[in-house]
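Asks: Fold the following.
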Amino acid sequence: MMHLGRTFSRLMLSPSRLVLRYQSTVAPALIDTFQRKHDYLRISLTERCNLRCQYCMPEEGVDLSPADDMLQFDEVIKLASLFAELGVTKIRLTGGEPLVYPQLSALIEELAAIPTITDIAMTTNGVTLARQLPKLQAAGLTQLNISLDTLDPNLFQIITRRRGHDRVLQGIDKAIELGYTPKVNVVVTKGVNDQELLGFVDWTKNKLVDVRFIELMPFDGNRWNFAKFVSYKEMLEVIESKYDLERLEDHANDTSKAWRVPGYKGQLGFITSMSNHFCGTCNRLRLTANGQLKVCLFGAAEINLRDALRSDADDTTLTEMIGQAVSKKKSQHADPSHLLALDNPSNVSMSDPRMLLDSTALVFQPPSVSAPQLHPASIISSRRPLQPFRSYSTLSHVTADGGAHMVDVSAKQDTTRLAQASGQVRVSPAAFQAIQDNRLKKGAVLQVAELAGIQASKLTSTLIPLCHNIPVTSCRLELMLQAPDTVSVVAMVKTTGKTGVEMEALTAVSVACLTVYDMIKAVDKTAVVTNIQLDAKSGGKSGVFERS
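Replies: Below is the predicted model:
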């Protein structure tokens, strides 16, 4: 039930408190050494999410922190109030997915009662927004960002691994009905949804939305590579090939470059975190769901406000901690712009020999990455040579008399094992174009094949009789279109166990290639699956192998 007293007092502010709302000053603790004033706090309320977007979260989800490690309701209010006293005027609620937070409307109401907070925004996937929004608006929610990467319900299910496209659209319509101009965030990924740029622009003709195209960013766990990157410049060129755009004035601290088609109700924006960062005007701080303060999304540095709060630290101590963190904020995050200046980065395959020789020149990993990333640099980090090829009499799965048997690995030690395999499907030009334009009746070829390959890697021991049933802790597939006629597939598999994952990587590639073949065979019966091979492996007694 809404707390009517607090709501009434919030709406009927005294003149002095109204002045505070518009004349709030930023305390020294929130001003860094580059004189950036941080008056915007993003608060993650939960690690939980009801979607599994491919660029954000693995299919199986993430290991959630214990409930006691998460900031409690009163702790969020306490820290938000302190930041407000220091000069924060805008709060954005994020996740995970904030709509799954059980006390969301009550929290918004408490935040809206803080005198100097002028804006309370929320970034959501919108799946349950239509049902919840009226209550959230009444509590004090002022702005909305809704994530929607496609207007195609089938592709939505592939990207998010869940249903709900119609409910997101209902949420957007409900927001407009209630007087919001929702910002619709679209993460643009080559070969996935870049063909929908013009469709989203056309969508703004009669719908009062701000569609913001976002360059794909290399978050921890995100399977980043240049074949998937679409730059601001490329997006603008595609859109301007059909529409005459008008540049709009950007406001201070805006992360989005604003445009519109004259006469259209809605507008467009481009968030250029990779090709043209906006660190120089950054005014944001981030509070994670477990109470860590991050001064930069890409930075590894965090300070633990939760534990300090629970140790009864007073406001002076907490302010000093916040000030020390802000003072150490760098001028900009790790700059990937040199990576984007390669002659033709979109043609760089994860199995390209250049990746093996110098992966650091091609793959940007943010400093916050803690777990090892599965790419060839990690596979060949130890260069112990592979033992010579064994003759028939010593093949591990063959007995002395030529019979088959499964190797007993019980005496082996558990070690980290990695493997990379690759393969290709050669297709006709017509099929290649159909895949690129996503015009095949069976759907998005590359996305379905990726999921098939991941599933196959986990079923390898069922398909290959003498393979051990081992836990696949990570399987990542990259499917790339290489003009004029090739679909390239790369699988990278990891486990910690007693035997390797070479077969899991090869099975993943094989099934992914066969899935591509199956999905295009109606338009191309000449397609050829070819060049399936192990590229690299590490771990175990046999050491490291890399194909020359």
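
Asks: what comes up buried for the strand or helix carrying Glu478?
Replies: Using DSSP states H and E, Glu478 sits within strand 474-482. Within strand 474-482, the residues scored as buried using 16 or more other Cβ atoms under 10 Å are 474-481. In this view, the C-beta of every residue, glycine as well, is placed from N, C-alpha and C.

Asks: how far is it from where the chain is centred?
Replies: Once both centres are worked out by Cα atoms, centre = their mean, to the nearest Å, strand 474-482 turns out to sit 16 Å from its chain's centre.

Asks: Check stretch 107-127 too.
Replies: That offset, for stretch 107-127, works out to 24 Å (Cα atoms, centre = their mean).

Asks: just the strands in the stretch 151-300 of the chain please.
Replies: Ranges of strands in the stretch 151-300 of the chain, per DSSP state E, counting those that start in this stretch, are 183-188, 210-215, 246-247, 256-260, 267-271, 284-287, 292-294.

Asks: Tell me which of those strands sits nearest to Ser231.
Replies: strand 210-215 (6.5 Å; Cβ to Cβ).

Asks: now for that closest one, which elements pack on it?
Replies: strand 183-188, helix 197-203, helix 232-240, strand 256-260, strand 267-271 (3 or more Cβ pairs under 8 Å, 6 or more residues apart in numbering; DSSP states H and E).

Asks: Name the nearest of the buried residues of strand 474-482 relative to Val187.
Replies: For the buried residues of strand 474-482, the nearest to Val187 is Glu478 (16.9 Å; Cβ to Cβ).

Asks: mind showing which ranges of the stretch 51-200 of the chain have poor pLDDT?
Replies: Counting by pLDDT under 70, the stretch 51-200 of the chain contains low-confidence residues at 55.

Asks: where do the helices sit along it?
Replies: 73-86, 104-112, 129-139, 153-160, 165-177, 197-203 (DSSP state H, counting those that start in this stretch).

Asks: just the ones you listed: most buried one?
Replies: Scoring the helices of the stretch 51-200 of the chain by mean neighbour count under mean count of other Cβ atoms under 10 Å gives helix 104-112 as the most buried, with a mean of 21.

Asks: Return the distance of the closest residue in space to Met122 that isn't next to it in sequence relative to Leu99.
Replies: Of all residues not flanking Met122 in the chain, Leu93 sits nearest, at 4.6 Å (Cβ to Cβ, 6 or more residues apart in numbering). Here Leu93 is placed at a distance of 10 Å from Leu99 (Cβ to Cβ, to the nearest Å).

Asks: list residues touching both of those two?
Replies: Common contact partners of Leu93 and Leu99 (Cβ atoms under 8 Å, 6 or more residues apart in numbering): none.

Asks: residue ranges with poor pLDDT in the stretch 251-400 of the chain?
Replies: Scanning the stretch 251-400 of the chain for pLDDT under 70 picks out 277-278, 298, 300, 333-400.

Asks: Report the separation between the two terminal residues of stretch 293-302.
Replies: End-to-end distance for stretch 293-302: 5 Å, by Cα to Cα, to the nearest Å.

Asks: for it, which positions count as buried?
Replies: Buried-residue list, stretch 293-302, by 16+ other Cβ under 10 Å: 293-296, 298-299, 302.

Asks: same question, stretch 435-443
Replies: 435-436, 438, 440.

Asks: Now Gln170: closest residue in space, sequence neighbours ignored.
Replies: Ala130 (4.3 Å).

Asks: I meant to write Lys207 there.
Replies: Gly266 (5.4 Å).

Asks: Then Arg284?
Replies: Tyr40 (4.8 Å).

Asks: shouldn't the one you found be in contact with Leu287?
Replies: No. Between Tyr40 and Leu287 there is no contact under Cβ atoms under 8 Å: 11.5 Å.

Asks: Which one of these two is surrounded by more residues?
Replies: Leu287 (23 against 20; other Cβ atoms under 10 Å).

Asks: That one contacts Leu305, correct?
Replies: Yes. Using Cβ under 8 Å as the test, Leu287 is close enough to Leu305 to be in contact (7.2 Å).

Asks: got any residues that touch both of those two?
Replies: Residues touching both Leu287 and Leu305 by Cβ under 8 Å, 6+ apart: 79, 293.

Asks: Need the CA coordinates for stretch 534-548. PDB is fine.
Replies: Written as PDB, here are the backbone C-alpha positions of stretch 534-548 (Å, rounded to 0.1, in the frame of the first residue of the first chain):
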ATOM      1  CA  LEU A 534      41.200 -28.700 -33.900                       C
ATOM      2  CA  ASP A 535      43.000 -25.300 -33.800                       C
ATOM      3  CA  ALA A 536      44.500 -25.400 -30.300                       C
ATOM      4  CA  LYS A 537      44.300 -27.100 -26.900                       C
ATOM      5  CA  SER A 538      45.900 -26.900 -23.500                       C
ATOM      6  CA  GLY A 539      45.900 -28.800 -20.200                       C
ATOM      7  CA  GLY A 540      46.600 -32.400 -19.300                       C
ATOM      8  CA  LYS A 541      49.700 -34.600 -19.700                       C
ATOM      9  CA  SER A 542      50.100 -34.000 -23.500                       C
ATOM     10  CA  GLY A 543      50.600 -30.300 -23.000                       C
ATOM     11  CA  VAL A 544      49.800 -27.500 -25.500                       C
ATOM     12  CA  PHE A 545      48.900 -27.900 -29.100                       C
ATOM     13  CA  GLU A 546      48.400 -25.200 -31.600                       C
ATOM     14  CA  ARG A 547      47.900 -25.700 -35.300                       C
ATOM     15  CA  SER A 548      50.600 -24.100 -37.400                       C
END
